[in-house]
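Novice: below are the sequence and a predicted model; questions follow.
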Amino acid sequence: MTDAVAIGEGVPSRAVGQDRNRVLRRLKLGDTGFRILTQISAATVLLILCGVILSLMIGSLPAIKEFGVGFLFTQSWNPVTEKFGALAPISGTLITAAIAMLIAVPVGLGISIFLTELCPQPLRRPIAIAIELLAGIPSIIYGIWGLFVFAPFVQEYIEPALITVFGPIPILSTLFAGPPYGIGMLTAGFILAIMVLPFITSISRDVFDTVPPMLKEAARGIGCTTWEVMRNVVIPYTRIGVIGGVMLGLGRALGETMAVTFVIGNAHKISPSLLAPGTTISATIANEFTEAVGDIYTSALIELGLILFVITFIVLAIARLMLMRIEKKAGA
Amino acid sequence: MALYDARRRSNTIVMGLCVAASAFGLAFLVLILLALLWNGLAGLTPSVFIEMTPPPGSSGGLLNAILGSLIMTVLGVAFGAPLGMLAGTYMAEYGRYSKLTFFVRFINDILLSAPSIIVGLFVYEVIVVRMGHFSGIAGAIALAVIVVPVVVRTTEDMLLLVPGPLREAATALGLPRSHMIIRVAYRAARAGLVTGVLLAVARVSGETAPLLFTALNNQFLSTNLNAPMASVPAVIFQFALSPYRDWQQLAWTGALIITFAVLALSITARVLARQRIAK
């Protein structure tokens, strides 16, 4: 180590060298410290996940011991006799999410086709932002709007119309049977559809943009219409990404809480009719958790949470894997 | 020629449907905002900001709820944002290609969309049960758990946008890596990092589910972090489902305030992010 630092006129002395060493050591220490700090922070994200899973598992142990696997297939939910089964909330969650996807997938794809192909350039950004703002509106706002504005509308106009239209058709008549309450699975599914729409739209728009322009131009060059280009070139090319986006929306729809709690009706029974009130996992937890008395009741609710987390985790993981594949394709 | 007409017709029909789909999506945004204005403006008086939540039948405001929301949001972001930023820094600067980064990115993306009610259950199990009672601090921690993934994601994305030569130049001047990150990379990505924090604030200020069984609610003004604390979303939940007219009115007003606050935040975040890209 040579003390070659000539600062001004000063003769480089031993003292300067020691100073320098000290500063260097401090910098090195700070550097290592910072690196370790960031590394620990990154690991904390993993720890949060482990913490969530572990705490839910520990919390649901009493219920798992009490009810076993039968919990998943039992419909009764009786706080008085402390007999709990998750079938009604699970089926409600799956049915509302399915309704939401039936509506949101075609509409979301339609919007992204509109935005990538049809919309005049100056309007593209404003419309895309407006759709994304739908994702920014808090879930509870959808709830209060759904309860006071949308549900009465559904009760007044949509449900009676569905009942008269599908009444005479054998299978569909059971799906749309019963008095129009306004609140119920159909309304909840519909509101979920509006809520997941922006996620499906923005991801499918992103993946549509990964299609090489040459492919689209070639298709147009042999005389394809816009729809044929979309159907035969763009959508097959981006299939995995689109499915990933849809799965991401599905993950959201499965776990959505507040909006559903307002409009689902909170009835612990499975009804063949979509117009009937039902419940979902998240709505059950939101409604009953603070009022739950007794360990078994609380534990059963936590087990519901664990089931929900496992389902959404799997769905979201599949979504991410698919989106990663399309990213790799776009990068290659 | 018949085939040609049929193809053109189906094209027109599908494109028409796409336009209709967009109109459908936009219509709901407009409908929701109009309903909020219509129902919420009537109750938007100064007393909303200076009075407590009332018992049914008397007049009041949302002061305790607004204050509680502010306290828990600020604390939640104060806990969550630094952690998220440091984690994002590791992923973009130190371990860009490491296994840990790959896992964290994957898990983080899942946490980003995981149901927020699960976070409520987690914090209930870990903190509320241990403390023995609901508290504002538990609410803040629940919000922090939601903030982390949002900030991790934006921090990583924004740092990855910082050009490599900038880092190389700083390193060539002899800056230690941590100084290079703090003085150069953070500075270059500043607008993006602020965007991430703003997005996180927007995300948590409307969250209800994780607060229901962590902070619970409080009818009175309280700044005690050790006691249950009111928040605007929780009050909306309670008041909207009540049978009392004046409570429902307050719920609408609260909904109006919170929606416009959240939308203003996310639009600001977007504008900032756009400036960053334009540069």
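Specialist: Perfect, thanks for sending it.
Novice: name the nearest residue to the residue of the stretch 151-300 of chain A found nearest chain B, ignoring sequence neighbours.
Specialist: Nearest residue of the stretch 151-300 of chain A to chain B (CB to the nearest CB) works out as residue A:255 at 2.6 Å. In this view, the C-beta of every residue, glycine as well, is placed from N, C-alpha and C. What sits nearest to residue A:255 in space, not counting adjacent residues and going by CB to CB, 6 or more residues apart in numbering or on different chains, is residue B:115, at 2.6 Å.
Novice: what are the phi and psi angles of the one you found?
Specialist: Note on residue B:115: its backbone torsions stand at phi -60, psi 130 [degrees, to the nearest 10].
Novice: from residue A:186, how far out is it?
Specialist: Distance, residue B:115 to residue A:186, by CB to CB, to the nearest Å: 22 Å.
Novice: count the neighbours of residue 235 for me.
Specialist: You didn't say which chain, so I picked chain A. The tally of other residues near residue A:235 (other CB atoms under 10 Å in any protein chain shown) stands at 17.
Novice: should've been chain B
Specialist: 25.
Novice: in space, what's closest to it - neighbours in sequence excluded?
Specialist: residue B:65 (4.3 Å).
Novice: give the contact list for the one you found.
Specialist: B:53, B:230-232, B:234-235, B:254 (CB atoms under 8 Å, 6 or more residues apart in numbering or on different chains).
Novice: lowest-confidence entry in those?
Specialist: Across the set of these, residue B:53 stands lowest in pLDDT, at 89.
Novice: in chain B, which residue is most central in space?
Specialist: In chain B, the centroid-proximal residue (CA atoms, centre = their mean) is residue B:203; its distance is 0.9 Å.
Novice: map the structural domains onto the sequence of chain B.
Specialist: Listed by automatic domain parsing, the domain ranges of chain B are B:2-43, B:49-278.
Novice: start to end distance for stretch B:158-177?
Specialist: End-to-end span of stretch B:158-177 (CA to CA, to the nearest Å): 18 Å.
Novice: can you tell me which helix in chain A is longest?
Specialist: helix A:14-67 (DSSP state H).
Novice: and the residue nearest to residue B:269 when sequence neighbours are not counted, how far is that from residue A:134?
Specialist: Leaving out its chain neighbours, the residue that sits closest to residue B:269 by CB to CB, 6+ apart is residue B:198, at 3.9 Å. Computed as CB to CB, the residue B:198 to residue A:134 distance reads 18 Å.
Novice: okay, now residue B:57: neighbour count?
Specialist: Around residue B:57 there are 9 residues (other CB under 10 Å).
Novice: ditto for the one 10 residues further on
Specialist: For residue B:67, the tally of surrounding residues (other CB under 10 Å) stands at 19.
Novice: dump the residue contacts of the nearest residue to it once chain neighbours are set aside.
Specialist: Spatial nearest neighbour of residue B:67, excluding adjacent residues (CB to CB, 6+ apart): residue B:221 at 6.7 Å. Contacts for residue B:221 (CB under 8 Å, 6+ apart) come out as B:52, B:63-64, B:67.
Novice: say whether chain A is contacted by the lengthiest helix in chain B.
Specialist: Under DSSP H, the helix in chain B containing the largest number of residues is helix B:2-40. Yes. Applying CB under 8 Å from any CB of the partner chain, one finds helix B:2-40 in contact with chain A at B:7-8, B:10-11, B:14-15, B:17-22, B:24-26, B:28-29, B:31-32, B:35-36, B:39.
Novice: one step back: any idea how far the residue nearest to residue B:67 lies from chain A?
Specialist: From residue B:221 over to chain A the distance is 21 Å, taken as CB to the nearest CB, to the nearest Å.
Novice: and if you look at residue B:207?
Specialist: Applying CB to the nearest CB, the value for residue B:207 to chain A is 7 Å.
Novice: and the pLDDT at residue B:39?
Specialist: For residue B:39, the pLDDT comes out at 93.
Novice: residue contacts, it?
Specialist: A:148, B:249, B:252, B:256.
Novice: repeat that for residue B:35.
Specialist: A:145, A:148-149.
Novice: with residue B:162 instead?
Specialist: Residue B:162 neighbours (CB under 8 Å, 6+ apart): B:184-185, B:188-189.
Novice: try 10 Å this time
Specialist: By CB atoms under 10 Å, 6 or more residues apart in numbering or on different chains, the contact set of residue B:162 is B:92-93, B:181, B:184-189, B:192.
Novice: list only buried entries from those residues.
Specialist: By neighbour count, with 16 or more other CB atoms under 10 Å in any protein chain shown, the contacts of residue B:162 hold B:92-93, B:181, B:184-186, B:188-189, B:192 as buried.
Novice: about what we covered before: A strand includes the residue nearest to residue B:67, no?
Specialist: No. With DSSP: H, G, I helix; E, B strand; the rest coil as the criterion, residue B:221 is assigned coil and is not in a strand.
Novice: distance check, it against residue B:51.
Specialist: Residue B:221 is 10 Å from residue B:51, where distance means CB to CB.
Novice: common neighbours of these two, please.
Specialist: By CB under 10 Å, 6+ apart, residue B:221 and residue B:51 have these common neighbours: B:63-64.
Novice: on that earlier part again, the residue nearest to residue B:235 and chain A: what is the separation?
Specialist: Going from residue B:65 to chain A by CB to the nearest CB gives 12 Å.
Novice: in the stretch 101-250 of chain A, which spans are helices?
Specialist: In the stretch 101-250 of chain A, the helices defined using DSSP state H, counting those that start in this stretch lie at A:121-136, A:139-145, A:151-153, A:159-166, A:170-175, A:185-208, A:213-221, A:226-229, A:235-237, A:239-255.
Novice: in TSV, list those along with distance to residue A:279 and mean pLDDT.
Specialist: As requested, the helices of the stretch 101-250 of chain A are exported to TSV (distance: least, CB to CB, whole Å; pLDDT from 0 to 100):
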stretch	distance to residue A:279	mean pLDDT
helix A:121-136	25	90
helix A:139-145	15	95
helix A:151-153	16	94
helix A:159-166	19	88
helix A:170-175	18	82
helix A:185-208	9	94
helix A:213-221	46	93
helix A:226-229	41	92
helix A:235-237	36	91
helix A:239-255	14	93
